[in-house]
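[1] Quick one: sequence plus predicted model below, questions after.
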Amino acid sequence: MNSRTRAVTWTLVGALLLSLASGVVLALLSDAGPDRTTFVVVLLAVNAVAVLAGLTATIAGAIMLGSSGSRRRAGFIVTGRAFRIPPRTDLRLNGVLGILITGPLGGMMWRSPDSRGIAIAFVTCMAILIALILAVGPGPVLELRPTGVYWNARVFRRHIPWEALAPGGPDRPRPSDFRLLLIVTRPELVTQRGSRLGSGTAERPFLSLAMDVHPVFLADAIHWYADHPEDCRAIGTQAEHDRLRTALGAVPAPA
């Protein structure tokens, strides 16, 4: 587990604990029948902490995105079976605010016996929604495999064999581009399942450039293997990764 994954994990755990604690406190206060002033003060304090924590998580995600964008590397993660490219920022941070508001709102609704059924339904629905967000994981993952380019976004998977790609492409993306168009000459070889979600078609597939790799290096690497299929079998090894970096020349300027 790298430092970024640990930070996101602790953020989610902290948000969950804070939400549970605040919900229980509000529910216990309502059962104890405090005066209205005490309840309002506690409610405002809990909500203020939740909002600040949510903003902190949002700012942390923006910092992660900005910092990774300013120093994206010209290289991949070598797994032994593929070259792996993770997303630039963790999408699970989008669930932090939902986690934080679930507890306080549930506890507030629990205050009235007539609305406790609504509180249970609300917490259940939010728990399902948050679970779905967390199940999606940190975001889509791109892999260059000996067999081709593999895109895994959980709800959508696509595999583009190297022999389906046209030699000579793809073109290098511009700094303003947010996706990379691959040139496919044999779309019948492309396999995919799930909802495409803006990933293009088998004839005109797109790759998101919101990944933790320099866009020019990614395009050049795919270009290389489309032009040199004899090198594809070694993809995933450290030796091939080192050779590829050398073959592609100097490290591009930061994106």
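    Nice, thanks for sending it over. Everything numeric in this text was worked out from a predicted model, so none of it was measured.
[2] Please enumerate the helices of the stretch 1-150 of the chain.
    Using DSSP state H, counting those that start in this stretch, the helices assigned to the stretch 1-150 of the chain run over residues 3-32, 36-70, 96-109, 116-136.
[3] Mean pLDDT lowest where, among those helices?
    If the helices of the stretch 1-150 of the chain are sorted by mean pLDDT, helix 36-70 sits at the bottom with a mean of 60.
[4] I'd like the distance between the closest residue to Ala210 other than its chain neighbours and Arg172.
    Nearest residue to Ala210, sequence neighbours excluded (Cβ to Cβ, 6 or more residues apart in numbering): Arg88, at 5.3 Å. For glycine as for every other residue, the C-beta is placed from the backbone atoms N, C-alpha and C. For Arg88, the distance to Arg172 equals 19 Å [Cβ to Cβ, to the nearest Å].
[5] what about those two, which has more around it?
    It is Arg88, of Arg88 and Arg172, that has more neighbours when counted by other Cβ atoms under 10 Å, with 19 against 15.
[6] my guess is the more buried one meets Met211, correct?
    Yes - between Arg88 and Met211 there is a contact at 6.1 Å, judged by Cβ atoms under 8 Å.
[7] so where is the stretch 151-255 of the chain shaky, pLDDT-wise?
    250-255 (pLDDT under 70).
[8] let's see it at 80
    Residue ranges of the stretch 151-255 of the chain with pLDDT under 80: 154, 195-198, 249-255.
[9] could you pull out the helices for it?
    Secondary structure of the stretch 151-255 of the chain (DSSP H, counting those that start in this stretch): helices at 215-227, 238-247.
[10] What helices and strands are in contact with the first one?
    By that I understand helix 215-227. In terms of contacts (3 or more Cβ pairs under 8 Å, 6 or more residues apart in numbering; DSSP states H and E), helix 215-227 is packed against strand 141-145, strand 179-181, helix 238-247.
[11] so that helix versus helix 238-247, what angle?
    On the basis of axes from the mean of the first three to the mean of the last three Cα atoms, to 10 degrees, helix 215-227 is oriented at 110 degrees to helix 238-247.
[12] Now do the domain split for the protein, please.
    Split into domains by automatic domain parsing, the chain comes to 3-75+89-136, 141-247.
[13] So for Phe83, which of those domains sits nearest?
    Closest to Phe83 of the domains of the chain, according to Cβ to Cβ: domain 141-247, at 4.2 Å.
[14] And that closest one, how far out from the chain middle?
    Relative to its parent chain, domain 141-247 has a centroid offset of 19 Å by Cα atoms, centre = their mean, to the nearest Å.
[15] returning to that earlier point: export the domains of the chain to JSON lines and tack on distance to Arg81?
    Formatted as JSON lines, those follow (distance: least, Cβ to Cβ, whole Å):
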{"stretch": "domain 3-75+89-136", "distance to Arg81": "17"}
{"stretch": "domain 141-247", "distance to Arg81": "5"}
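[16] coming back round to it: and among the helices and strands packed on helix 215-227, the most buried is which?
    Mean neighbour count (mean count of other Cβ atoms under 10 Å) peaks for strand 141-145 among the helices and strands packed on helix 215-227, with a mean of 21.
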